[in-house]
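Novice: structure, please.
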Amino acid sequence: MAPTPFLLGERSDGVVARRDCSNSSRGSNFPQTGSYNWVDLVKVMVTAPLGIFQRLSQAGIDPATVVVTEALGTTITWGAEGQDRFNEALDSLRHAGIFSNQMLSIGFYVEHATYIMSRTEEGCKTMAVCASLAQCYEVEYVAKVMVEWVGKLVSRNETSTPSYQQWLAVAKCCANILSRSEFATLVERFMRLDEHTRIAGNVGARASRPEKNARRKPSRGITKPQDLATALVGLCKVSKQDIQHITLIGGADAAFLAAFAHFFLDLWVIIRRADQESEVLLRICPQDKIPHLEVRMETRARKGATDEHKTTKAVEMIKEVYYLKDETDLIRKEFNPASTAMVSGRVNWEKALQDTFGADFIALMNCTHGGGNRLGQAIGCAARIYAAIVEADRSVPVEWLGYCRLYFEQSSGIEYARFAGQRFPELQTLEGDITSFARLSSFEEASERWNSALDALSTICRCRDCGTDDNVNQTRVFCLVGLTETIVRMIRSLAGIHSDILPSRGGLELMYLDHMKRMRGMRSGKATWGSDWGKRLTANRIVEHIFTEDGEPTTLAIAEVIFGGGRYKNDRQIMEGRQRPRIVEGQRISAVEDQGLCYFLGVLKDPHQDFCSLARVHVIQGIIRLNKERYEYVCDGPNHKFIGRPRLNARDKVQIENVNNKLIRAIESSSGGKLELIAQEGTSGSTKRGIVAEYGVKIGRSRNQNHQAIGPCACLDGFAQSMGLTHCNNDSHSYPLKEDLDSLIRAAQANLASGKAYSLFEYSGSKVYLTIPDVPISMLVAGSRVDSIVVRDECISCCVQNAAVERGWEDFAIIQMNTVQSIRIPVYQKRGPVPIQERQGKRETEPVCYDNENSEGSEE
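Specialist: Next up is the predicted model:
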């Protein structure tokens, strides 16, 4: 029976109508019963408005591929709730608006190709299969499965079927549609029954030779696409009631099919041990009924035993029994030796650490060696160490001050301690220990207690990194010291990430693997991880090490790992933005899309917010789109490349990197000029398609207005450096000040208090600009080329004296990080040397100020 002509979209206006699969008049044109000749299918006439074809073309999908997705959908029958569950997932998709640019969007939008394919019930079924696969596997692997699936339904001489590239485009459109649905966690609960404590053991290493398989750490494997497609065909037959029952023998792949069968097809499922069929691991079936799907799970302990009974066939099919063999090495050779052959779902925050790290995390929670919980002690000490960095404690290595970029409220101090239990509820039982150690009086004490906690954990751990040759705990999978430091780093980074998507189990494990590389590198004193002092200070392992020239901000890269499952294309270092190949050499990335998830900085949403909102990373499903075209990243313009990491030569003052002449010209020419985001397609030599975005400010009031531009990411990095506290050493008070300096500052204070955006005065032959963060000045503060000082814990007199006299700056700007109403400029006594009081303790401590009787001091 030949299919009738196929209609895409609405003839009248070309806009995809709202999806309503329950409406029979909007259903598929394909027959629900019977069969048809594949040759007739590929000859079907497809009609659609031009806009529909344009959208498909932009996604790289041929209209014939949409027809084939309809045909595949006819081989599946929804369960009672399966259709509603998939519709709910589609309805939850959304997009994020970008500041002042309607042509640039991030997320899912109404014209997305997904909505074209999901217009019919059959299209939704095929999309559900593709989206489920893409939730756990690489899109390249998903495309191979789809090719094989079609091949199982088509005779060998019928070759007019969609290519691998076509199915790859479909897989990319469907990727992570289900990341916010219950399926993402359900499938991981099913796969966890294979009892593998590691699932990322095959990541970042070369494919091992057969004779070395026994030496590799056991890890969750993956079967061939052909095998998975064959088992999928059998599952579809059960849903159509062509057969009553099938049996799968395998590991995580069999568990994946069981989760799909239960969630979307409402089939009865039972999972048993392959070696002990009487032991039931999971039953979703009445006791007196025969299940539609039986899985004989090959657990970690059973895998070695069953190898002797395996045949040479990839899939052994006897009486609807499908055997899914672990072909991890073959998969790695077929795709890429460095690709991530990893199968992973998502975990709930409530038990994310236990579900990922298993028995070793439970052991860590019970570590009370020497009195008190050692994990709680370590987290609390880390909170105090981070607070010392944020407050520029004089005992903190000056290099750490330069590295610091995380100034979120919950990334240090007491708020860090509270956030630890909020983000990982498993840690709430340790709240007392964490809080008490977070309140330690000094950085030195926190460092000492941090070291004692790690020493105690190392004594208990006895892994190959912590133990001696004759005292190694062979059952230890995750190092307790490395796991503790990984948790500490994740808490700090997650304070700057906003996502309603649950973390990937594989991503959490990759965070641990990355940290173990860092820990071993620092222990061995490798040059990659710093100088000798970095080797001696164990806390150096939990401090971020920013190398801005690598392109991606650290928090953005960490978000990709935690929520994206670490799906990268090489095995280089992860957290510094290096594991992803540099998209554009030297450019700064403010948004990136991978596997259907977009990671972007808040600076793209609204530049009028505070720094923490600008620097926060947002994670959302969808793609990056400009002028209806799909792109893979957003970066700063070529004029905002990183030139070099600043060297911090003086402990008493953290030099802030650059606030440029553009700021001065913008203030002088057009205070309050219109701010807009300018985006265009990148023209770099990269193979990836990217967008160049810059914030531009119109200067002047003439007809031929010009723009002064700044890259969002460069701006953000400058802001982060600007957040670093400075110290008032009273250098300018060691000798009498010039009388005119105080009068000039008083005049500047009056101008600012009256609402003026900036104040300019001359001192020692230098131009000094006093400004406050405001629109659009706040967006220009960071990306420029005139030296600046941000006043937070230092008096303005010292700022001016140091910059104008000691450093000889000709032009510099003093930026006050507060509002007009709270600006109070202290006037300092003109005395001899004033003793320097060491600042310690909490951030609320008042700075050292010696004021005249009628003056009022405050922290700037």
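Novice: and the residue nearest to residue 604 when sequence neighbours are not counted, what does it touch?
Specialist: What sits nearest to residue 604 in space, not counting adjacent residues and going by C-beta to C-beta, 6 or more residues apart in numbering, is residue 98, at 5.5 Å. Placement of C-beta: from N, CA and C, glycine included. Taking C-beta atoms under 8 Å, 6 or more residues apart in numbering, we find residue 98 in contact with 104-106, 604-605, 677, 679.
Novice: least confident of those residues?
Specialist: Of all the contacts of residue 98, residue 677 carries the smallest pLDDT score, 84.
Novice: and that residue, helix, strand or coil?
Specialist: Assigned with DSSP: H, G, I helix; E, B strand; the rest coil, residue 677 falls in the strand class.
Novice: residue 761 too?
Specialist: Taking three-state DSSP, the label given to residue 761 is strand.
Novice: ok, now residue 99?
Specialist: The local conformation at residue 99, judged by three-state DSSP, is coil.
Novice: domains of the protein?
Specialist: Per automatic domain parsing, the domain ranges recorded for the chain read 1-181, 185-345.
Novice: low-confidence regions, the stretch 751-860 of the chain specifically.
Specialist: Along the stretch 751-860 of the chain, segments meeting pLDDT under 70 span 757, 772-794, 802, 806-807, 816-860.
Novice: if we go to 80?
Specialist: Counting by pLDDT under 80, the ranges of the stretch 751-860 of the chain that qualify are 752-759, 764-765, 767, 769, 771-860.
Novice: mean pLDDT for the domains of the chain: which is lowest?
Specialist: domain 1-181 (a mean of 73).
Novice: just to revisit the earlier point, show only the entries of the contacts of residue 98 found in helices.
Specialist: Using DSSP state H, no member of the contacts of residue 98 falls within helices.
Novice: backbone dihedrals for the residue nearest to residue 604, please?
Specialist: Note on residue 98: backbone dihedrals following degrees, to the nearest 10 are phi -110, psi 140.
Novice: and residue 272, by the same measure?
Specialist: Dihedral pair for residue 272: phi -120, psi 160, per degrees, to the nearest 10.
Novice: quick one, what contacts it?
Specialist: Counted by C-beta under 8 Å, 6+ apart, residue 272 has contacts 278-281, 294-297.
Novice: which two among those are spaced furthest apart?
Specialist: Pairwise distances across the contacts of residue 272 (C-beta to C-beta) peak at 14.9 Å, for the pair 278 and 295.
Novice: neighbour count winner among the two?
Specialist: Neighbour totals were compared for residue 278 and residue 295, and residue 295 leads with 27 against 6 (other C-beta atoms under 10 Å).
Novice: what's near enough to touch the more buried one?
Specialist: Applying C-beta under 8 Å, 6+ apart, we find residue 295 in contact with 247-250, 254-255, 257-258, 269-272.
Novice: picking that back up, so how far is residue 483 from the residue nearest to residue 604?
Specialist: Computed with C-beta to C-beta, to the nearest Å, the distance linking residue 98 and residue 483 is 39 Å.
Novice: could you list which of the contacts of residue 98 belong to strands?
Specialist: If you go by DSSP state E, the contacts of residue 98 have 104-106, 677, 679 in strands.
Novice: give the ChimeraX command for selecting the buried subset of these.
Specialist: In ChimeraX, a selection of the buried entries from the ones in strands among the contacts of residue 98 looks like this (16 or more other C-beta atoms under 10 Å):
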select :104,105,106,677,679
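Novice: nearest to residue 119, of the ones in strands among the contacts of residue 98?
Specialist: For these, the nearest to residue 119 is residue 105 (21.3 Å; C-beta to C-beta).
Novice: beta partners of that closest one?
Specialist: Note on residue 105: beta-bridge partners by DSSP bridges are residue 97, residue 625.
Novice: ok, it touching residue 625?
Specialist: Yes. Contact criterion C-beta atoms under 8 Å: residue 105 and residue 625 qualify, at 5.2 Å.
Novice: would you map the helices across the stretch 101-250 of the chain?
Specialist: Per DSSP state H, counting those that start in this stretch, the stretch 101-250 of the chain carries helices over the ranges 113-117, 121-136, 139-153, 164-174, 183-191, 225-239.
Novice: buried deepest among those, which one?
Specialist: Neighbour counts (mean count of other C-beta atoms under 10 Å) averaged over each of the helices of the stretch 101-250 of the chain peak at helix 121-136, with a mean of 26.
Novice: grab the CA positions of that helix and hand them over as PDB.
Specialist: C-alpha atoms of helix 121-136 as PDB (Å, rounded to 0.1, in the frame of the first residue of the first chain):
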ATOM      1  CA  GLU A 121       2.200  11.300  16.400                       C
ATOM      2  CA  GLU A 122       4.500   9.100  14.400                       C
ATOM      3  CA  GLY A 123       7.100  11.800  14.300                       C
ATOM      4  CA  CYS A 124       6.900  12.200  18.100                       C
ATOM      5  CA  LYS A 125       7.500   8.400  18.500                       C
ATOM      6  CA  THR A 126      10.700   8.500  16.400                       C
ATOM      7  CA  MET A 127      11.800  11.600  18.200                       C
ATOM      8  CA  ALA A 128      11.300   9.900  21.500                       C
ATOM      9  CA  VAL A 129      13.600   7.100  20.500                       C
ATOM     10  CA  CYS A 130      16.200   9.500  19.200                       C
ATOM     11  CA  ALA A 131      16.000  11.800  22.200                       C
ATOM     12  CA  SER A 132      16.200   8.900  24.700                       C
ATOM     13  CA  LEU A 133      19.300   7.600  22.900                       C
ATOM     14  CA  ALA A 134      20.900  11.100  22.900                       C
ATOM     15  CA  GLN A 135      20.200  11.400  26.600                       C
ATOM     16  CA  CYS A 136      22.700   8.600  27.300                       C
END
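Novice: and it with helix 225-239, angle?
Specialist: Interaxial angle, helix 121-136 versus helix 225-239 (axes from the mean of the first three to the mean of the last three C-alpha atoms, to 10 degrees): 140 degrees.
Novice: please report the distance of the nearest residue to residue 327 once chain neighbours are set aside from residue 145.
Specialist: Nearest non-adjacent residue to residue 327, counting by C-beta to C-beta, 6+ apart: residue 224, 4.6 Å away. Residue 224 sits 9 Å away from residue 145, going by C-beta to C-beta.
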